[in-house]
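Chemist: When you get a sec, could you give me coordinates for this:
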Amino acid sequence: MWLIVAAVALGSGLLNEPGSADFMRYLIGTWDVVSADAAGGDKLRVCYSVQPFVGDKWISGSATSKTPNFGSKDVWGHDAASGELIRTIFDKSGTYAVVRSSGWKGDTLVLEGNARSGGGAMRVRETVHRVNGHEFTATWEALRSGKWTPYAIERANRVPARTCSTS
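Modeler: Below you'll find the model as predicted:
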């Protein structure tokens with residue numbers, strides 16, 4: 001389940017307001033992401049590009065890789081009713097997820113929600129840690145038998161457009 005890579009592009013350190021226009025603008029750009037299987041093993045290199053989507057209230061990301069059968073798209077925005085940051089992710093396998101966060105706590109952002117596929121639903125959590133203004137790490141976990149178990153660990157770096165490598 002490589003749902004994880006659609007990005008995780010949140011580590012700015014510039015703002016703590018997930019719904020602000022500045023926060024959303026920060027995410028726009030290109031990110032070089034390396035995702036490692038938490039059990040040790042395969043690494044996946046992904047290029048994640050984020051662009052404005054439907055005015056200034058929403059942004060959309062697209063993750064690509066040379067890995068066969070991988071690809072995802074997502075939409076980020078601010079739920080004005082709840083005050084939460086929301087992200088909806090769709091991957092090439094047909095899995096989709098909706099995750100939410102109340103915002104940054106220091107240098108950490110936790111998004112939590114459900115991923116759904118033909119096999120059913122699973123509770124997932126992404127914990128993003130800001131390293132600096134152009135780099136962050138993210139850990140994706142699934143709730144299994146009442147315990148959060150990591151399944152992917154990512155490191156993302158902002159790169160100039162069209163310089164992202166997926167090899």
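
Chemist: isn't Val46 right next to Lys66, touching?
Modeler: No. With contact defined as C-beta atoms under 8 Å, Val46 does not count as touching Lys66 (9.5 Å). Glycine gets a C-beta too; all of them are placed from N, C-alpha and C.

Chemist: More neighbours: these two, which one.
Modeler: Val46 (28 against 12; other C-beta atoms under 10 Å).

Chemist: how near is that one to Gly55?
Modeler: 27 Å (C-beta to C-beta, to the nearest Å).

Chemist: count of neighbours near Ala115?
Modeler: For Ala115, using other C-beta under 10 Å, the count is 22.

Chemist: mind checking the SS state of it?
Modeler: Under DSSP: H, G, I helix; E, B strand; the rest coil, Ala115 falls in the strand class.

Chemist: Wasn't Trp76 part of a strand?
Modeler: Yes. Secondary structure assignment places Trp76 in a strand (three-state DSSP).

Chemist: Specify the beta-bridge partners of it.
Modeler: According to DSSP bridges, the partner residues bridging Trp76 are Ile59, Arg87.

Chemist: And it, how close does it get to Ala39?
Modeler: Distance of Trp76 to Ala39, computed by C-beta to C-beta: 28 Å.

Chemist: now do Leu27
Modeler: With C-beta to C-beta as the criterion, Leu27 and Ala39 are 29 Å apart.

Chemist: More neighbours: the two, which one.
Modeler: Ranked by neighbour count (other C-beta under 10 Å), Leu27 and Ala39 place Leu27 first, with 20 against 10.

Chemist: hang on, isn't that one packed against Trp58?
Modeler: No. In this structure, Leu27 is not within contact of Trp58 by C-beta under 8 Å, at 11.0 Å.

Chemist: Next, show the common contact partners of the two.
Modeler: Trp76 (C-beta atoms under 8 Å, 6 or more residues apart in numbering).

Chemist: ranges for the helices of the chain?
Modeler: Applying DSSP state H to the chain gives helices spanning 21-27.
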